[in-house]
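*Asks:* build me a model:
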Amino acid sequence: MRELIFEGRILRLELEDGRWEIVRHADAVAVLARDEDGRVLGVWQQRPAIGTRTWELPAGLIDDGETPAQAAARELAEETRLAGTLTPLTRFYASPGFCDELVHLFVADDLRPEHGASPDEGEVVEIEWRDPASTWRDIASGALATSGVTVLGLHHALAGGALGLAEGADAQQP
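*Replies:* The predicted model follows:
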């Protein structure tokens, strides 16, 4: 039996069997984009939940009616004003011990300007291309705050793509 404890704009908190607190959260996307020098594209933004600014891959929630690929294209355009060819890399649950959020990670190639989009209202982002190795060191030392999906994307970039892309992966299903 599930009891609704809280319902907000992007999440619901439920209690299952009087014991398990479960967060129902909208699924999300993130995009790994690299330039010709191997640098990785990220955005700086203030994250109130942790009280600091983070550098993260362009990312966001999947809107109702969108596929993960459509959401990834939209988020890349909104946050960076770029478009590209998107290929699914992987998908994973952000924190399956208490939350059902599924994150889809895409790789963007053939980047080009996209002039028609802008960040969501109230969203302030600053774009920065970074060297993946020095970014990895900054995260490992605690000098840079980031997200789990960004760490995974950096790992893929540092592996030189050796991890492979999800051949024919259906980004719709876990």
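
*Asks:* how many neighbours does Ala83 have?
*Replies:* Around Ala83 there are 19 other residues, counting by other Cβ atoms under 10 Å. From N, CA and C alone the C-beta is placed, and that goes for glycine too.

*Asks:* when you give positions from now on, start the count at 592
*Replies:* With 592 as the first residue, the last one maps to Ala674.

*Asks:* contacting residues for it?
*Replies:* Residues in contact with Ala674 (Cβ atoms under 8 Å, 6 or more residues apart in numbering) are 664, 667-668, 702-705.

*Asks:* top of those residues by number of neighbours, please.
*Replies:* Most surrounded of those: other Cβ under 10 Å gives Leu667, at 28 neighbours.

*Asks:* the nearest residue to it once chain neighbours are set aside in helix, strand or coil?
*Replies:* Nearest residue to Leu667, sequence neighbours excluded (Cβ to Cβ, 6 or more residues apart in numbering): Val622, at 4.8 Å. On the three-state scheme (DSSP: H, G, I helix; E, B strand; the rest coil), Val622 is labelled strand.

*Asks:* right, and Val622 touches Phe697 too?
*Replies:* Yes: contact criterion Cβ atoms under 8 Å: Val622 and Phe697 qualify, at 5.0 Å.

*Asks:* mind listing the shared neighbours of the two?
*Replies:* 663, 677.

*Asks:* looking at these two, which is more packed in?
*Replies:* Remark: of Val622 and Phe697, Phe697 carries more neighbours, 31 against 28, as counted by other Cβ under 10 Å.

*Asks:* number of nearby residues for Val634?
*Replies:* Counted with other Cβ under 10 Å, Val634 comes out at 20.

*Asks:* residues near the closest residue in space to it that isn't next to it in sequence, how many?
*Replies:* Once flanking residues are discounted, Val634 sits nearest to Val716: 4.1 Å by Cβ to Cβ, 6+ apart. Burial of Val716 is recorded as 17 neighbouring residues (other Cβ under 10 Å).

*Asks:* same check on Ser709?
*Replies:* 11.

*Asks:* A helix includes it, no?
*Replies:* No: with three-state DSSP as the criterion, Ser709 is located in coil rather than a helix.

*Asks:* what sits closest to it if chain neighbours are left out?
*Replies:* Spatially, and ignoring its direct neighbours in sequence, Ser709 is nearest to Glu669 (6.3 Å; Cβ to Cβ, 6+ apart).
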